[in-house]
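S.K.: please find the sequence and the predicted model below.
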Amino acid sequence: MSSEARDDQIFKALADARRRAMLDLLKAAPRTTGDLCEHFAASLDRCTVMQHLGVLERAGLVIAVREGRTRWNYLNAAPFKEIHDRWISPYAMEAVSLLARMKRDMEED
């Protein structure tokens, strides 16, 4: 799969607020699928939670590990780092450079 297609999968996975909420929970700690189903019980049934987890897993944002009948879901931080390096870091460096120039200009006055 090309990196562009992989980026598309990641951004599409992140486009849904419920999937972002799942990632927020997994950021705090790994959770079982049952835990996630309980957390979203008021708004999503188990099948829908599993579908969302499938989208996150195919995008590489979640890693699922089976232990017997239990499925543990872990946040995979690597794709977020890649997004940061490609899309955010260059803009952040520009902002830091601008702030440094502003500081230097203000100190010279």
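M.R.: Noted; the coordinates are in hand.

S.K.: what separation is there between H84 and A77?
M.R.: H84 sits at a distance of 10 Å from A77 (criterion: Cβ to Cβ, to the nearest Å). Glycine gets a C-beta too; all of them are placed from N, C-alpha and C.

S.K.: in this structure, which spans are strands?
M.R.: Counting by DSSP state E, the segments of the chain that form strands are 31-32, 62-67, 70-75.

S.K.: let's have those strands in a markdown table, adding mean pLDDT.
M.R.: Supplementary listing: the strands of the chain in a markdown table, determined by pLDDT from 0 to 100:
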| stretch | mean pLDDT |
| --- | --- |
| strand 31-32 | 98 |
| strand 62-67 | 96 |
| strand 70-75 | 97 |
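
S.K.: wait, which of those is closest to D16?
M.R.: Proximity to D16 (Cβ to Cβ) singles out strand 62-67 among those, at 13.3 Å.

S.K.: which neighbours in the sheet does that closest one have, and how are they oriented?
M.R.: Strands that pair with strand 62-67, judged by DSSP bridges, come out as strand 70-75 (antiparallel).

S.K.: what does the partner strand rub up against?
M.R.: Applying Cβ atoms under 8 Å, 6 or more residues apart in numbering, the contact partners of strand 70-75 are 23, 26-27, 30-34, 36, 53, 61-66.

S.K.: how about stretch 19-28?
M.R.: Around stretch 19-28, the neighbours that count as contacts under Cβ under 8 Å, 6+ apart are 13-14, 31, 36, 39-40, 49, 52-53, 55-56, 61-62, 73-75.

S.K.: go with 7 Å
M.R.: The contact list for stretch 19-28, computed with Cβ atoms under 7 Å, 6 or more residues apart in numbering, reads 13-14, 31, 36, 39, 52, 55-56, 61-62, 73-75.

S.K.: domain-wise, how is this protein divided?
M.R.: The record, using automatic domain parsing to delimit domains, assigns the chain the ranges 1-76, 77-109.

S.K.: now mean neighbour count too, for the ones you listed, in TSV please.
M.R.: Putting the domains of the chain into TSV (neighbours: other Cβ atoms under 10 Å) gives the following:
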stretch	mean neighbour count
domain 1-76	15
domain 77-109	10
